[in-house]
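Visitor: Kindly return the folded structure for what I paste below:
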Amino acid sequence: MSATWLIMRRELGAYLRSMTGYIIVAAVLIVDGILFNAFALGGPDKRSAEVLALFFYFSSGTTMIASVFISMRLIAEEKQTGTLVLLTSSPVRDRDIVLGKFLSGWTFLALLTLLTAFMPALIMVNGKISLGHVLSGYLGLLLLGSATLAIGTFGSALARTQVLAAIISGALVVGMIIMWLVARVTEHPLNRVFESLALYHRHFPPFQVGVINVRDVIYYLAVTYFALFCATRVVEARRWR
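Guide: Numbers count the residues shown, from 1 in each chain. You can find the predicted model right below:
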């Protein structure tokens, strides 16, 4: 059994055994439910596709916030409790540590995301929805969550405490989100660069309306890879201190 799998299973078990994991799940479901009923379903003149698109719009926000809180404990908790030294001194590669912890957080986030499936199903009571639209939206949520969680893993690797990890990760995610605002006040061709780097503005809306672009999938996978690469380098740097 690989070291990545062992670390992933250990961390996932920690989420399922702790109150923190259940608090995150409850908070996301409550907020998603309130927003879905108040804004998505709140209008008799809305078409089913519009209601579903609004659901994915609001869920994207809660997914990013949940990813920050899920990731804040991944590496920062090991530093806070002093167990990171034991982990890095064991015969396990640093990339296995980072990847195992990331996969545990992403699996927990995926389970949380799937728990919201009853909300799109409610639309079918009085309307019709496309299965392709639903699958596209959930694929977008998982990719967006993957990128945000990877950024959070990098923030957790930088921080010494979980609170500081949440602050750093939140700042990085917000910075990536508002890149589209920077693009609006930047001259060509840099405005295209900043717009392409924006975490949400350009890349998630197609998923929201049921469209899958290869460009957007590659973007989220690239952000995930780069953030995990940076997190691995931060963990590796501890060996040389």
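Visitor: what's the single longest helix in the chain?
Guide: helix 131-158 (DSSP state H).
Visitor: tell me the angle the helix or strand following it makes with helix 131-158.
Guide: Later in the chain than helix 131-158, the nearest helix or strand by DSSP states H and E is helix 162-177. On the basis of axes from the mean of the first three to the mean of the last three C-alpha atoms, to 10 degrees, helix 162-177 is oriented at 130 degrees to helix 131-158.
Visitor: Would you agree M119 is in contact with I34?
Guide: No. Applying C-beta atoms under 8 Å, one finds M119 not in contact with I34, separated by 11.1 Å. Heads up, the C-betas are built off the backbone N, CA and C, glycines and all.
Visitor: what number of residues lie near I212?
Guide: 16 (other C-beta atoms under 10 Å).
Visitor: which element follows the worst-scoring helix or strand of the chain on mean pLDDT toward the C-terminus?
Guide: When the helices and strands of the chain are compared on mean pLDDT, DSSP states H and E, helix 84-89 comes out lowest with a mean of 65. Sequence-wise, the next helix or strand downstream of helix 84-89 (DSSP H and E) is helix 94-114.
Visitor: what sits against the spatially most central residue of the chain?
Guide: Centroid check for the chain by C-alpha atoms, centre = their mean gives G145 as the closest residue, at 2.2 Å. Neighbouring residues of G145 by C-beta atoms under 8 Å, 6 or more residues apart in numbering: 63-64, 66-67, 106, 109-110, 113.
Visitor: tell me the SS of the closest residue to R47 other than its chain neighbours?
Guide: Leaving out its chain neighbours, the residue that sits closest to R47 by C-beta to C-beta, 6 or more residues apart in numbering is G127, at 7.5 Å. Under DSSP: H, G, I helix; E, B strand; the rest coil, G127 falls in the coil class.
Visitor: E50 is in contact with G127, correct?
Guide: No. G127 sits out of contact with E50 when judged by C-beta under 8 Å, with a separation of 10.0 Å.
Visitor: any idea how far D94 lies from T81?
Guide: 18 Å (C-beta to C-beta, to the nearest Å).
Visitor: Quick one: neighbours of Y219, just the number.
Guide: 20.
Visitor: Kindly apply the preceding question to S48 instead.
Guide: 16.
Visitor: picking that back up, are any of the contacts of G145 buried, and if so which?
Guide: 63-64, 66-67, 106, 109, 113 (16 or more other C-beta atoms under 10 Å).
Visitor: check which helix or strand covers V31.
Guide: Going by DSSP H and E, V31 is in helix 19-35.
Visitor: That helix: what's the following helix or strand?
Guide: helix 48-71.
Visitor: then that following helix to PDB, C-alphas only?
Guide: Coordinates of each C-alpha in helix 48-71 appear next as PDB, following Å, rounded to 0.1, in the frame of the first residue of the first chain:
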ATOM      1  CA  SER A  48     -35.500  25.400 -14.600                       C
ATOM      2  CA  ALA A  49     -32.100  26.000 -16.300                       C
ATOM      3  CA  GLU A  50     -31.900  29.400 -14.700                       C
ATOM      4  CA  VAL A  51     -32.600  28.000 -11.300                       C
ATOM      5  CA  LEU A  52     -30.000  25.300 -11.700                       C
ATOM      6  CA  ALA A  53     -27.400  27.900 -12.900                       C
ATOM      7  CA  LEU A  54     -28.100  30.100  -9.900                       C
ATOM      8  CA  PHE A  55     -27.600  27.000  -7.600                       C
ATOM      9  CA  PHE A  56     -24.200  26.400  -9.100                       C
ATOM     10  CA  TYR A  57     -23.400  30.100  -8.800                       C
ATOM     11  CA  PHE A  58     -24.100  30.200  -5.100                       C
ATOM     12  CA  SER A  59     -22.500  26.800  -4.500                       C
ATOM     13  CA  SER A  60     -19.200  28.000  -6.100                       C
ATOM     14  CA  GLY A  61     -18.900  30.500  -3.300                       C
ATOM     15  CA  THR A  62     -19.600  28.000  -0.500                       C
ATOM     16  CA  THR A  63     -17.200  25.500  -2.200                       C
ATOM     17  CA  MET A  64     -14.300  27.900  -2.100                       C
ATOM     18  CA  ILE A  65     -15.000  28.900   1.500                       C
ATOM     19  CA  ALA A  66     -15.300  25.300   2.600                       C
ATOM     20  CA  SER A  67     -12.000  24.500   0.700                       C
ATOM     21  CA  VAL A  68     -10.100  27.100   2.700                       C
ATOM     22  CA  PHE A  69     -11.400  25.800   6.000                       C
ATOM     23  CA  ILE A  70     -10.800  22.100   5.000                       C
ATOM     24  CA  SER A  71      -7.300  22.800   3.900                       C
END
